[in-house]
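Undergrad: Output the structure for:
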Amino acid sequence: MDARGEMTVAMTEDVQVAAKPRRRTYTAEYKRRILKEADACTTPGAIRALLRREGLYSSHLVVWRRARGRGELAALTPKKRGRKPTPVDPRDRKIAELERQLAHMTGRTERAEALVEAQKTWRRCSGGRGRTRRHDRRGRGAPRSGRHRAVV
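TA: Residues are numbered from 1 along each chain as shown. As a prediction, the model looks like this:
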């Protein structure tokens, strides 16, 4: 008894709440069975009793009956929620591959142009010093007379 004279009942049951509630899904067979039972109900309050027993709402019956009336058997199966995946077009895949190749080749071209610029700058800065040519067009160390030619 507490201070007011009322009896208190100790809770011996351990009540646990699910960490994350899950949306219920119903199979097509279950929906058909419930619709068949609901259609068979003739006495007042029988449908309410069926819904209470199964833990359903009347809106479930409305939606399922409309789907059955349209002849959509697929509508009676649980649908996957969220965005529908878009099929990948092979042309889109090819475009993406070509864009990657273009980016790769553009990078190579830019590096090659920078290298050529660096070589030009180095030549200008060195002022022509460095290697001197001691040979003519016939090859390195070839005699100047036309009688002896180097075998290549």
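Undergrad: Can you pull out the residues in contact with the strand or helix carrying Arg65?
TA: Using DSSP states H and E, Arg65 falls within helix 58-69. Outside helix 58-69, the residues within contact range by Cβ atoms under 8 Å, 6 or more residues apart in numbering are 26, 31-32, 34-35, 38, 47, 51, 75-76. Heads up, the C-betas are built off the backbone N, CA and C, glycines and all.
Undergrad: any idea which helix or strand carries the spatially closest residue to Glu54 that is not a sequence neighbour?
TA: Using Cβ to Cβ, 6 or more residues apart in numbering and skipping the chain neighbours, the partner closest in space to Glu54 is Ile34 (6.4 Å). Element membership of Ile34 [criterion: DSSP H and E] is helix 28-40.
Undergrad: So which elements touch that helix?
TA: Helix 28-40 sits against helix 46-54, helix 58-69, with contacts defined as 3 or more Cβ pairs under 8 Å, 6 or more residues apart in numbering; DSSP states H and E.
Undergrad: possible to save those as CSV with mean pLDDT?
TA: CSV is the format used below for those (pLDDT from 0 to 100):
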stretch, mean pLDDT
helix 46-54, 93
helix 58-69, 89
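Undergrad: Redo those helices as CSV? Include mean neighbour count and distance to Thr86.
TA: Output for those, formatted as CSV (neighbours: other Cβ atoms under 10 Å; distance: least, Cβ to Cβ, whole Å):
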stretch, mean neighbour count, distance to Thr86
helix 46-54, 13, 37
helix 58-69, 14, 25
